[in-house]
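Undergrad: what's the 3D shape of this:
(chains A, B, C, D, E and F)
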There are 4 protein chains.
Amino acid sequence: MPKVGFEPIRKKQLIEATLLSIGEHGLQGTTINTISRFSGMSSGIISHYFGGKQGLIEATVRYLLDQLKATLLQLLSQADTSPQQRLMMIVEANFTNIQQSDAATRTWLSFWAQAMHDPELAKLQRVNSQRLLSNLRYSYKRLMPYDKAVDASKMTAAMIDGFWLRSALSDSSMVDFEESELLCKHFINTLILQYGDL
Amino acid sequence: MPKVGFEPIRKKQLIEATLLSIGEHGLQGTTINTISRFSGMSSGIISHYFGGKQGLIEATVRYLLDQLKATLLQLLSQADTSPQQRLMMIVEANFTNIQQSDAATRTWLSFWAQAMHDPELAKLQRVNSQRLLSNLRYSYKRLMPYDKAVDASKMTAAMIDGFWLRSALSDSSMVDFEESELLCKHFINTLILQYGDL
Amino acid sequence: MPKVGFEPIRKKQLIEATLLSIGEHGLQGTTINTISRFSGMSSGIISHYFGGKQGLIEATVRYLLDQLKATLLQLLSQADTSPQQRLMMIVEANFTNIQQSDAATRTWLSFWAQAMHDPELAKLQRVNSQRLLSNLRYSYKRLMPYDKAVDASKMTAAMIDGFWLRSALSDSSMVDFEESELLCKHFINTLILQYGDL
Amino acid sequence: MPKVGFEPIRKKQLIEATLLSIGEHGLQGTTINTISRFSGMSSGIISHYFGGKQGLIEATVRYLLDQLKATLLQLLSQADTSPQQRLMMIVEANFTNIQQSDAATRTWLSFWAQAMHDPELAKLQRVNSQRLLSNLRYSYKRLMPYDKAVDASKMTAAMIDGFWLRSALSDSSMVDFEESELLCKHFINTLILQYGDL
DNA sequence: GATGAATGAGGCTTCATTCAT
DNA sequence: GATGAATGAAGCCTCATTCAT
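TA: Down below sits the predicted model:
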């Protein structure tokens, strides 16, 4: 009987423990030991599976990016979605992700700050940033002239990221996610009304 | 001959060195030693003037906040500014600040990430965040109904912060500050056109 | 094969190294590094096992106190000891302890000096000081009226501590432990002769 | 007009400040800065007058020793003192010194602990220790045979030091100085009664 | 003479990594 | 595969000393 690969299970447990630790202690306050405590495993296993702390951090970012991607794909997979509906879904996917876990939200910011001085994280960040932009542009292009669509996607991406940033930095109780989501959607509709006669 | 107070001079030198260090190594990579190397002074002087690394970090944040505030005050001090002109100036002040120094821009993000787990920085962040919001609201209220003004200021603040965030995370060469600034201004004008019949 | 707990072994090694270091360099001159050099281990191990230097110092005091207690218990455990014999044994236990190790003797004084400004050490010192007093009183009470016994134990404790202090402060070669011990015993016998008709 | 020597005045002020600092912070907790704060003078002056911290510490010990010596000389200078009266006075001088200042008492212990690893302090300690012994012996010899006098002075010195040590280590409120002094005197009288038929 | 700003060595602690079991 | 004891580099802070004024 082949030993089932414990590896993917262990890896996922360690990534989840990393998210818990960063949510509680911040990225700076997260050490090999806090992670191993959250995971219930030994500290040595981290080097064993990820080659070191840095490797685990990067794997954790990839994990979050994949989740975001999956959320979006799931929403967009529904048949017969108009470009306008798709834009709403993109907004929803981003805000759903924010609301899912306060810890994860705060974690993103830690990662991006770190990304400024870490090429590997920077690469991941760039991919993520571009994906939002191109997703938006893809739909906008179906609703308005190209140059308007380019500007619209830039403004929309900025607004989504801005609301996200402000929520990450505020007491979670102080932010009204639903309102932020509505304002974003409202903005998109305004843009479509304004330029959307194609 | 008045004995010039060396204290403010030294403090400013150390704060500038801190900005240089964070710009180059990031907040995490910035140590007592990197700062003292940039400042050309000894490591002990930091504790002497700021009571420790933490004190210097906080002083540096206050320094940046004061700069931003001063930039804005200077712009707004001009007589006969219409609400619309003031809104443009708020945008300009924020983007001027961003462009002034790549190091400073990147530094902000480091600070805000740290603020999530540092009450003192969090307080400063909150003040800064609220100031932008209330400045915007103050002018919007003169142009449109109150509830519209509230929403407009939230969206505008988010867009400004979003563009700022995206610029901090990108290679400086890749971001077109002027375009971002123009898009923000365009957005504001759109809002005014839309709701601004008061 | 039972996994032998290395913890108690390492802890004892570190405590012994601490005694050696204090004996040679004094408490002030004892650092994490002198201790780790004496123990042949790394400096990090101290925080690992004792949480820090302070913890190791306190554990070392407790170790010495336990040794003194054990020496006394062993002597007093012998059956059929008269109160007078017990008093002699108390004296012997204290002087045995002194003679055992020059380093330990000197160490005590360092500890007590530190105890004046360290609540945890002060607590240990108070326990030790009271124990000698109450041990003496317990036996004296069987030989003389209560108020005489109280005074006798105070004087005896003072004399023992005084001889101990003087020996700690002298070149070890200059002090005649046996003579000090004899003088203490002689003093006790005198007291018993004087008041001991109960 | 010759400038009056400020030197002795400054020196005394610094020594007094040293005693205050050690009383409050302990010898370990006493730094150049705590002393200069207590003295109201600059930190640099210490090196100027005493060559360094070590020099000031030693001067402070000499100051205390001189005070003790002076107290004793003053008491003994009275004409027509019998040997027995002189012994009482020696006890009184020692306990007067203790009671004078809680800070000074605690200071002594710090010094003696340090003396174990500081040749200069050790020398001073030895002188002080021998002086008490020889003062006692001088008087005892007039009251009893030489060998008895030698033993008597050793025991008396030990008892005085022992009570002093116990008082230094206790909460000042817990120690009854008067009782300790009486017990010492009582002990001396007993010795004289016992052997004093010369 | 007197100051106190500035230095920098050295202390304690933290923590990612290694490796014998 | 998995552990966690042990290492030691590096960080921050303290503080005696120096020296220009």
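Undergrad: Show the contacting residues for the residue lying closest to A:Ala122 once chain neighbours are set aside.
TA: Once flanking residues are discounted, A:Ala122 sits nearest to A:Ala115: 4.6 Å by CB to CB, 6 or more residues apart in numbering or on different chains. Backbone N, C-alpha and C define where each C-beta goes, glycine included. For A:Ala115, the contact set (CB atoms under 8 Å, 6 or more residues apart in numbering or on different chains) comprises A:121-122, A:124-125, B:169.
Undergrad: can you give me the helices in chain A?
TA: A:6-29, A:32-39, A:44-50, A:53-76, A:83-100, A:102-115, A:119-140, A:146-169, A:177-195 (DSSP state H).
Undergrad: follow-up on the earlier one: confidence score at the residue nearest to A:Ala122?
TA: Note for A:Ala115: predicted pLDDT of 91.
Undergrad: Check A:Ile188 too.
TA: Value listed for A:Ile188 in the pLDDT field: 97.
Undergrad: and if you look at A:Glu92?
TA: Per the predicted model, pLDDT is 91 at A:Glu92.
Undergrad: Return the distance of it relative to D:Gln28.
TA: 63 Å (CB to CB, to the nearest Å).
Undergrad: pLDDT weak spots in chain A?
TA: A:1-4, A:79, A:98-101, A:172-175, A:198 (pLDDT under 70).
Undergrad: Would you pull up the residue in it closest to DNA strand F?
TA: A:Gly44 (2.1 Å; CB to the nearest atom of the strand).
Undergrad: Against DNA strand E, how distant is that residue?
TA: Separation of A:Gly44 from DNA strand E (CB to the nearest atom of the strand, to the nearest Å): 4 Å.
Undergrad: Count residues in the vicinity of that residue, would you?
TA: A:Gly44 has 10 neighbours, counted by other CB atoms under 10 Å in any protein chain shown.
Undergrad: Who are the contact partners of it?
TA: Contacts of A:Gly44 by CB under 8 Å, 6+ apart: none found.
Undergrad: For A:Leu169, see how far away the residue of chain A found nearest chain D is.
TA: Relative to chain D, the nearest point of chain A is A:Gly29 (30.8 Å; CB to the nearest CB). In this view, A:Gly29 and A:Leu169 are 17 Å apart by CB to CB.
Undergrad: So for these two, which residue has more residues nearby?
TA: Between A:Gly29 and A:Leu169, counted using other CB under 10 Å, the more crowded position is A:Leu169 (21 against 12).
Undergrad: Contact partners for the more buried one?
TA: A:109, B:112, B:115-116, B:122, B:125-126, B:129.
Undergrad: ok, now with 7 Å
TA: B:112, B:115-116, B:125, B:129 (CB atoms under 7 Å, 6 or more residues apart in numbering or on different chains).
Undergrad: Quick one, which of those residues are buried?
TA: B:112, B:115-116, B:125, B:129 (16 or more other CB atoms under 10 Å in any protein chain shown).
Undergrad: Now for the residues you listed: which two are most distant?
TA: Based on CB to CB, the longest span within the buried ones among the contacts of A:Leu169 runs between B:Met116 and B:Ser129 and measures 13.0 Å.
Undergrad: So which of the helices of chain A is nearest C:Tyr140?
TA: helix A:32-39 (54.8 Å).
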